[in-house]
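[1] got a predicted model here, sequence first, then my questions.
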Number of protein chains: 2
Amino acid sequence: MTQPIRIGIVGYGNLGRGVEAAIAQNPDLELVAIFTRRAPESLQVHNKQVKVLHVDAAEQYRDKIDVMILCGGSASDLPVQSPRFAAHFNIVNSFDTHAKIPEHFQAVDEAAKAGGTTAAISIGWDPGLFSLNRMLAEAVLPEGSEYTFWGRGVSQGHSEAVRRIKGVKYAVQYTIPVPEAIERVRKGENPQLTAREKHRRECYVVAEAGADLEKIAEEIKTMPDYFADYDTEVNFISEEEFKQQHSQMPHGGFVIRSGRTGWQKENQQMIEFSLKLESNPEFTSSVLVAFARAVYRLNREGQIGAKTIFDIPLGYLSSRSAAELRRDLL
Amino acid sequence: MTQPIRIGIVGYGNLGRGVEAAIAQNPDLELVAIFTRRAPESLQVHNKQVKVLHVDAAEQYRDKIDVMILCGGSASDLPVQSPRFAAHFNIVNSFDTHAKIPEHFQAVDEAAKAGGTTAAISIGWDPGLFSLNRMLAEAVLPEGSEYTFWGRGVSQGHSEAVRRIKGVKYAVQYTIPVPEAIERVRKGENPQLTAREKHRRECYVVAEAGADLEKIAEEIKTMPDYFADYDTEVNFISEEEFKQQHSQMPHGGFVIRSGRTGWQKENQQMIEFSLKLESNPEFTSSVLVAFARAVYRLNREGQIGAKTIFDIPLGYLSSRSAAELRRDLL
């Protein structure tokens, strides 16, 4: 066996913990160190053998780490960290602020090209695998309509919006695709669907003692952008039930393209990609780890600069050789 | 607008006709000529403006065609035609004899490298998009189980096997996935499934006048390899019903991977890709056409030799630029 690919993790939240676990499922990868902005000794890492270091020590690991997986948030961590690390390391990140992807790509691309590194950005499932399937289905069936449904799953943004309401102690929000809408799409009806017709929202709320429940429910349901355009159900539950039933982070969704082929567009063709995830962060982590392998290979071939999921041959994700893939999986 | 990519079609059966129609859905592609081994004037091509030429005239089009899409069969056409055309043209083919893919790859790779061309082999949906999804899901979820179900769709091989039986005038065979098996897989049970548990087979047969129907049905149901290991239903119908109800070529299927993540493998993660096709050949043709675009771009970049769906960045399939893809689809 060849030397394992040496991985570093930057940031140890849900995503960083998921990456640590995912690396253990890939024998050709080795976790070298976890970097954090917190006091390193305060981190409860799973594998006690792995080094935990302050993020300022990272540059000393330039020759000891092949790929850094950046596990910070898209709002403030990744815009700063990604170019900074790409100057010295091959990186993978899950930058997911859609509107800022072009500028993020450019900043990372410049840093990576200056540093001779390879950087995969916006990796995960959306952006990521869902984006890939939207693109692929459109390329194959240019005459058609595309639909993405999300859920059933926890939306962190919506949960946070509910938690900001006065009198709310804990809250979680599930985004739920409307089955009738999915069925109409699968039947090839190419429906025009409003936000309300595509998804509904379910909130589970633990209120502070003495809080006005009706007022909280009303405030949630009428909140612009987040809830006003949807059918929203608000359930008040006990703290005990909340911790027992709502501490997981499931998610998933569907990318469906319905197209037509033939001179008279007489044949309906349907492409569907779906995910059903019991742990959203662990799945995203698993995608990041597979792309770390690809980034390492691209860099060894001299393919430097920023890359997205559209730019990377998917065979590079596999631990199998190209000849094995042709023989066993094609 | 830049010059369109100039396409040639070799072989004008169901697949070639599908490619002709698919090119018309892609304004950046232009069909230059159709090449056939038959008498060119005997072909009923859809677009009367397009040149129809004998296949022996193809080499004269070396500078007039950017990509040749080879639409012959895998048994005898493609093993000969692919290296021959790859010596002079960028090509795409749908070679689908799984066991012979490695040797086919090598033969085409040598011809393409000698000719400075780029050749995408085994493109379509299986091999093709299904292979890609098997590979991708395995790379992301290394600890898991993978299932491919085919259908409901017409199997040409099984239909042909029925037609060879004495007393059979016309016949079509549908491969049908067993819904209970798919449900067990989707639930994450990771079942061990026999051939019989995964798929059943339905035959629609028009018998010759006076044929022994019971004998035909028995012969079908006990046919080794093709039917003996499956639950097979045989329906005798009139020639009229056959032509009205069974002249289409629907197909499709499901690639499902169920994996587990987390240190205790406590979280189940499910990836599913499915197709529901009213016309199998037209869909395969649509995939071939998108890959013709990719092959052209790869060749312009100097990436010569044989490629499979694992080797090609999927962004190359799209008529959109990389910057547009990042902005609009990521």
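    Great, that's in hand. Numbers count the residues shown, from 1 in each chain, chains lettered A, B, ... in the order given.
[2] residue contacts, whichever residue of the stretch 101-250 of chain A sits closest to chain B?
    In the stretch 101-250 of chain A, the residue found nearest to chain B is residue A:139; the distance is 4.0 Å by Cβ to the nearest Cβ. The way it works is simple: take the backbone N, C-alpha and C, and place the C-beta from them, glycine included. If a contact means Cβ atoms under 8 Å, 6 or more residues apart in numbering or on different chains, then residue A:139 has B:290, B:293, B:314, B:317-319 as its contacts.
[3] just the buried ones from these?
    In the contacts of residue A:139, burial by neighbour count holds for B:290, B:293, B:314, B:317-318, counting by 16 or more other Cβ atoms under 10 Å in any protein chain shown.
[4] so what does the helix or strand of chain A with the lowest mean pLDDT touch, helix or strand wise?
    Taking all helices and strands of chain A together, the one with the lowest average confidence (mean pLDDT, DSSP states H and E) is helix A:156-163, at a mean of 93. Counting contacts by 3 or more Cβ pairs under 8 Å, 6 or more residues apart in numbering or on different chains; DSSP states H and E, the secondary-structure elements packed against helix A:156-163 are strand A:168-177, strand A:199-207.
[5] next structured bit after the longest one?
    Secondary structure here is assigned by DSSP states H and E; on that basis, the next helix or strand after strand A:168-177 toward the C-terminus is helix A:179-186.
[6] and the stretch 51-200 of chain A, which residues reach chain B?
    Taking Cβ under 8 Å from any Cβ of the partner chain as the test, the list of the stretch 51-200 of chain A residues beside chain B reads A:98, A:101-102, A:105, A:122, A:127, A:129, A:131-136, A:138-143, A:186.
[7] try 6 Å
    Residues of the stretch 51-200 of chain A lying close to chain B by Cβ under 6 Å from any Cβ of the partner chain are A:101-102, A:105, A:122, A:127, A:131, A:134-136, A:139-140, A:142-143.
[8] are any of the residues you listed buried, and if so which?
    A:101, A:105, A:122, A:127, A:131, A:134-136, A:139-140, A:142.
[9] inside helices: which ones of these?
    The helices, defined by DSSP state H, take in A:101, A:105, A:131, A:134-136, A:139-140 from these.
[10] let me see the mean pLDDT of the helix or strand that contains residue A:269.
    Here residue A:269 is covered by strand A:267-277, with elements defined by DSSP H and E. Averaged over strand A:267-277, pLDDT sits at 98.
[11] which strands and helices lie in contact with it?
    Applying 3 or more Cβ pairs under 6 Å, 6 or more residues apart in numbering or on different chains; DSSP states H and E, one finds that strand A:267-277 contacts strand A:251-261, strand B:267-277.
[12] let's see 7 Å
    In this structure, strand A:267-277 makes packing contacts with helix A:129-140, strand A:251-261, strand B:267-277, judged by 3 or more Cβ pairs under 7 Å, 6 or more residues apart in numbering or on different chains; DSSP states H and E.
[13] how about these, which one is nearest residue B:118?
    When the helices and strands packed on strand A:267-277 are ranked by proximity to residue B:118, the top entry is helix A:129-140, at 17.5 Å, counting by Cβ to Cβ.
[14] could you check the angle strand A:251-261 makes with the helix or strand following the closest one?
    Past helix A:129-140, heading to the C-terminal end, the next element that is a helix or strand (DSSP H and E) is strand A:144-150. Here the directions of strand A:144-150 and strand A:251-261 differ by 170 degrees (axes from the mean of the first three to the mean of the last three Cα atoms, to 10 degrees).
[15] strand A:144-150: partners in the sheet, and parallel or antiparallel?
    Strand pairing for strand A:144-150, using DSSP bridges, gives strand A:251-261 (antiparallel).
[16] with only the CA atoms kept, save the partner strand in PDB.
    Presented in PDB, the C-alpha positions along strand A:251-261 are these (Å, rounded to 0.1, in the frame of the first residue of the first chain):
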ATOM      1  CA  HIS A 251     -32.100  16.200   6.000                       C
ATOM      2  CA  GLY A 252     -32.300  15.300   2.300                       C
ATOM      3  CA  GLY A 253     -34.200  16.200  -0.700                       C
ATOM      4  CA  PHE A 254     -34.900  15.600  -4.400                       C
ATOM      5  CA  VAL A 255     -33.600  17.000  -7.700                       C
ATOM      6  CA  ILE A 256     -36.000  16.100 -10.400                       C
ATOM      7  CA  ARG A 257     -35.700  17.000 -14.100                       C
ATOM      8  CA  SER A 258     -38.600  16.200 -16.500                       C
ATOM      9  CA  GLY A 259     -37.700  16.600 -20.100                       C
ATOM     10  CA  ARG A 260     -38.900  15.600 -23.500                       C
ATOM     11  CA  THR A 261     -37.200  14.100 -26.500                       C
END
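[17] so which bits of it are buried?
    Of the residues in strand A:251-261, those scored as buried under the neighbour-count criterion (16+ other Cβ under 10 Å) are A:251-261.
[18] distance to residue A:15 added to the residues you listed, as CSV?
    Below are the buried residues of strand A:251-261 laid out as CSV (distance: Cβ to Cβ, whole Å):
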residue, distance to residue A:15
A:251, 13
A:252, 17
A:253, 18
A:254, 23
A:255, 22
A:256, 27
A:257, 29
A:258, 33
A:259, 35
A:260, 40
A:261, 40
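[19] returning to that earlier point: what's the following helix or strand after the strand holding residue A:269?
    Where DSSP H and E defines the elements, the next helix or strand beyond strand A:267-277 is helix A:280-300.
[20] one step back: nearest to residue B:80 among the residues of the stretch 51-200 of chain A next to chain B?
    Top of the list for closeness to residue B:80, among those and by Cβ to Cβ, is residue A:140 at 27.9 Å.
[21] give me the pLDDT value at that closest one.
    The per-residue confidence score, pLDDT, reads 98 for residue A:140.
[22] residue A:122 reaches residue A:92, doesn't it?
    No. With contact defined as Cβ atoms under 7 Å, residue A:122 does not reach residue A:92; the gap is 9.9 Å.
[23] quick check, central residue of chain A?
    Centroid-nearest residue in chain A: residue A:124, 3.7 Å away (criterion: Cα atoms, centre = their mean).
[24] list phi and psi for that residue.
    When read as degrees, to the nearest 10, the backbone of residue A:124 gives phi 160, psi -140.
[25] quick one: it and residue A:287 touch, right?
    Yes. The pair residue A:124 / residue A:287 is scored as a contact, 5.4 Å apart, by Cβ under 7 Å.
[26] quick one: contacts for residue A:22?
    For residue A:22, the set of contacting residues under the criterion of Cβ atoms under 7 Å, 6 or more residues apart in numbering or on different chains consists of A:285-286, A:289, B:261.
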